[in-house]
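Engineer: Just to be clear, the model below is a prediction. Sequence and coordinates:
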Amino acid sequence: MLSLGVKSPLYLGSPAAPSSALRDSLHICFAPYIAKARVIRVHCRKSHPQRIQSTQVTMAAAAESPRVVIVGAGVIGTSIAYYLSLRGVAATVIERASVACAASGKAGGFLAVDWCDGSPVGDLARLSYQLHRDLPSDLEDDIGYRVVCTIGGNIGKPGKQRRPEGSNYDPAWLDGPVSRLQVMGTEATTAQVHPGKLTQGFMKAAQRRGASLCIGTVTGLDISHNDQACVEGVMVDGERVAADVVVLAMGPWTSHAAKWLPVPQVFGQLGNSMILKSHQPLSAHALYLHGASGEVDIFCRPDGTAYVCGENDIINTPEDPLDVQPDPAAIKRLKRNAGLVSSALAEAEVEAEQACLRPTSYSGMPIIGALPGASGAFIATGHSCWGILNAPATGKAMAELILDGQATCVNLSPFDPARLLPLQHRKPKVRG
Ligand SMILES: Cc1cc2nc3c(=O)[nH]c(=O)nc-3n(C[C@H](O)[C@H](O)[C@H](O)COP(=O)(O)OP(=O)(O)OC[C@H]3O[C@@H](n4cnc5c(N)ncnc54)[C@H](O)[C@@H]3O)c2cc1C
């Protein structure tokens, strides 16, 4: 069933309202722009009187703006909705399960300013890193942002010299056999954010400016073929929702859209992870450790938990994001390695054992831009292991591309979907 999110400013009933009421809500939502602006104002008068003035500013812009539908409420889709909302455009985000239900809620949230330098993603990452610094105040939410010190090292080889020269980057809680510690990033170059809270924060901030969240599965596009192919809407659980612009931000599920338009292939790289709640304080560190017993990345969070990951695989992407399950053997190795390097983590409580899929293209590059095949169709996916880092610049650039016809904050040409189309028939090697 198609339902609007509870916090949508356009939401007119309860979460379990009957579908006719929801259809009415949607009708209002996608009515001509002037009528839509009127509904926003009436609703805001009722429940948010303090916001009337700013909403009226948004209304003036909305009267001229396109109807934008974003498919997928991961960090990429919600970031685009957020940056569109800053430009006065109230997008509708359609999500099949819940906000941040997939990789965007289960990632590490590690950020680095310069680790993508020298690759086509370098400028996107640098701009994003700057934008992340401002987001905690812009989003008016605790999104778990803080700068961290990042160190690498070997597991299982007790070394004489643990402490990197000239620094105090050897955390006390890292009391197991770890050697060859080296600084990989300082508080000036590395940081972290809680990915699920960031994604929720983007969505809520966009909703405060009039965007809406709609729970439902997009099953097709409505494309007119008059003079030229042109997007006119999306099909959501069998119902048509009108749109002038559609952005596909469906993570590894974006390949499903190949049934509707010629989109490049995106596959899901599975990452297993755990969240451990330590009884001892954990410092603001990110660790990248490896050894004969495997690899383990540990990101200590401000809430006293440690996010632990490092076991990856390629699997067939299940239809439902909620069916992505961790590999028990991989989880066991992660737990063993975390406990080996730290007694605090050995004694920690397991808060979550989980897995998620990195949306990955064959070039390894994100796919961001207008889709050939139908005007009004756009794509933003394939961010692989850097989707949380690169979400803000992707959202800002996409808002510019949609509203101005080109992105000026960053050069999107390396990510042009047209460059990847010939690769769409290649198949990844999969497990199971
Ligand atoms: C273990 C692990 C650790 C990671 N750590 C980091 C990190 O430290 N730093 C970093 O920068 N990145 C990290 N990443 C990468 C990051 O998580 C991803 O790149 C990013 O979350 C992808 O976001 P997305 O919005 O593109 O996709 P997703 O989060 O997958 O969101 C796509 C959404 O689309 C919805 N959807 C799909 N099909 C439909 C449909 N037909 N109709 C409606 N909705 C639909 C899905 O339900 C889902 O909510 C990590 C990834 C993994 C797996």
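Structural biologist: Received, thanks.

Engineer: Let me know how buried residue 205 is, in neighbour terms.
Structural biologist: Counted with other CB atoms under 10 Å, residues neighbouring residue 205 total 20. All C-beta spots, glycine's among them, are computed from the backbone N, C-alpha and C.

Engineer: Need the three-state assignment for it.
Structural biologist: Taken by DSSP: H, G, I helix; E, B strand; the rest coil, the conformation at residue 205 corresponds to helix.

Engineer: In contact with it, which residues?
Structural biologist: 82, 85, 138, 139, 140, 141 (CB atoms under 8 Å, 6 or more residues apart in numbering).

Engineer: Just give me the closest of those residues to the ligand.
Structural biologist: When the contacts of residue 205 are ranked by distance to the ligand (CB to the nearest ligand atom), residue 82 comes first, at 12.5 Å.

Engineer: who touches the residue most central in space within the chain in this structure?
Structural biologist: Central residue of the chain (CA atoms, centre = their mean): residue 75, 2.0 Å from the mean position. Counting by CB under 8 Å, 6+ apart, residue 75 touches 100, 104, 195, 198, 199, 202, 387, 388, 391.

Engineer: what's the most distant pair in the residues you listed?
Structural biologist: The most widely separated members of the contacts of residue 75, counting by CB to CB, are 202 and 387 (12.6 Å).

Engineer: Of the two, which one has the most company?
Structural biologist: The neighbour comparison of residue 202 against residue 387 (other CB under 10 Å) goes to residue 202, with 35 against 23.

Engineer: Need the three-state assignment for the nearest residue to the more buried one once chain neighbours are set aside.
Structural biologist: The shortest distance from residue 202 to any residue other than its chain neighbours is 3.8 Å, reached at residue 78 (CB to CB, 6 or more residues apart in numbering). Reduced to three states with three-state DSSP, the structure at residue 78 is helix.

Engineer: neighbours around residue 230, how many?
Structural biologist: Counted with other CB under 10 Å, residue 230 comes out at 15.

Engineer: List the residues that contact it.
Structural biologist: Residue 230 is in contact with 223, 224, 374, 375, 376, counting by CB under 8 Å, 6+ apart.

Engineer: Next secondary structure after the strand or helix carrying it?
Structural biologist: Applying DSSP states H and E as the criterion places residue 230 in strand 229-236. Heading C-terminal from strand 229-236, the first helix or strand you meet, by DSSP H and E, is strand 239-242.

Engineer: what lines up beside that following strand in the sheet?
Structural biologist: Strand 239-242 has its sheet partners listed here by DSSP bridges as strand 229-236 (antiparallel).

Engineer: can you give me the offset of the partner strand from its chain's centre?
Structural biologist: Relative to the centre of its chain, strand 229-236 is centred 24 Å away, using CA atoms, centre = their mean, to the nearest Å.

Engineer: Would you mind checking the average pLDDT for it?
Structural biologist: The average pLDDT for strand 229-236 rounds to 95.

Engineer: Buried by neighbour count: which residues of that strand qualify?
Structural biologist: 231, 232, 233, 234, 235, 236 (16 or more other CB atoms under 10 Å).

Engineer: number of nearby residues for residue 269?
Structural biologist: There are 19 residues near residue 269, going by other CB under 10 Å.

Engineer: Surely it is within a helix?
Structural biologist: No. Residue 269 is assigned strand when assessed by three-state DSSP, not a helix.

Engineer: Okay, it and residue 357: tell me how far apart.
Structural biologist: 7 Å (CB to CB, to the nearest Å).

Engineer: Over to residue 367?
Structural biologist: 15 Å.

Engineer: Kindly report the same for residue 281.
Structural biologist: 33 Å.

Engineer: So between the two, which is more surrounded?
Structural biologist: Taking neighbours as other CB under 10 Å, residue 281 and residue 357 compare with residue 357 leading, 24 against 11.

Engineer: Spit out the contact partners of the more buried one.
Structural biologist: 102, 103, 251, 252, 268, 269, 270, 271, 315, 317, 324.

Engineer: May I see the PyMOL selection of the buried members of the residues you listed?
Structural biologist: Applying 16+ other CB under 10 Å to the contacts of residue 357, the buried members can be selected in PyMOL as follows:
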select buried, resi 102+103+251+252+268+269+270+271+315+317+324
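
Engineer: Any chance of a markdown table for the contacts of residue 357, columns distance to the ligand and pLDDT?
Structural biologist: Compiled in a markdown table, the contacts of residue 357 are given as follows (distance: CB to the nearest ligand atom, whole Å; pLDDT from 0 to 100):
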| residue | distance to the ligand | pLDDT |
| --- | --- | --- |
| 102 | 3 | 98 |
| 103 | 4 | 98 |
| 251 | 2 | 98 |
| 252 | 6 | 96 |
| 268 | 8 | 94 |
| 269 | 7 | 94 |
| 270 | 7 | 94 |
| 271 | 3 | 96 |
| 315 | 12 | 79 |
| 317 | 10 | 87 |
| 324 | 9 | 94 |
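
Engineer: Can you tell me which of the contacts of residue 357 comes closest to residue 294?
Structural biologist: Among the contacts of residue 357, and counting by CB to CB, the member closest to residue 294 is residue 271, at 13.6 Å.

Engineer: Not counting sequence-adjacent ones, nearest residue to the closest one?
Structural biologist: Nearest to residue 271 is residue 312, by CB to CB, 6+ apart, at 5.3 Å.

Engineer: residue contacts, residue 252?
Structural biologist: Residue 252 neighbours (CB under 8 Å, 6+ apart): 102, 266, 267, 268, 317, 357, 358, 359, 360.

Engineer: Correct me if wrong, but it is in a strand.
Structural biologist: No. Read with three-state DSSP, residue 252 is helix and lies in no strand.

Engineer: now the closest residue to it other than its chain neighbours, which residues is it bridged with?
Structural biologist: Among residues not flanking residue 252 along the chain, residue 268 sits closest, at 3.3 Å (CB to CB, 6+ apart). Beta-bridge pairing for residue 268 (DSSP bridges): residue 359.

Engineer: please begin residue numbering at 294 from this point
Structural biologist: Yep, numbering from 294; the last one is residue 561 now.

Engineer: check contacts around residue 561.
Structural biologist: Contacts of residue 561 by CB under 8 Å, 6+ apart are 544, 545, 607, 608, 610, 617, 650, 651, 652, 653.
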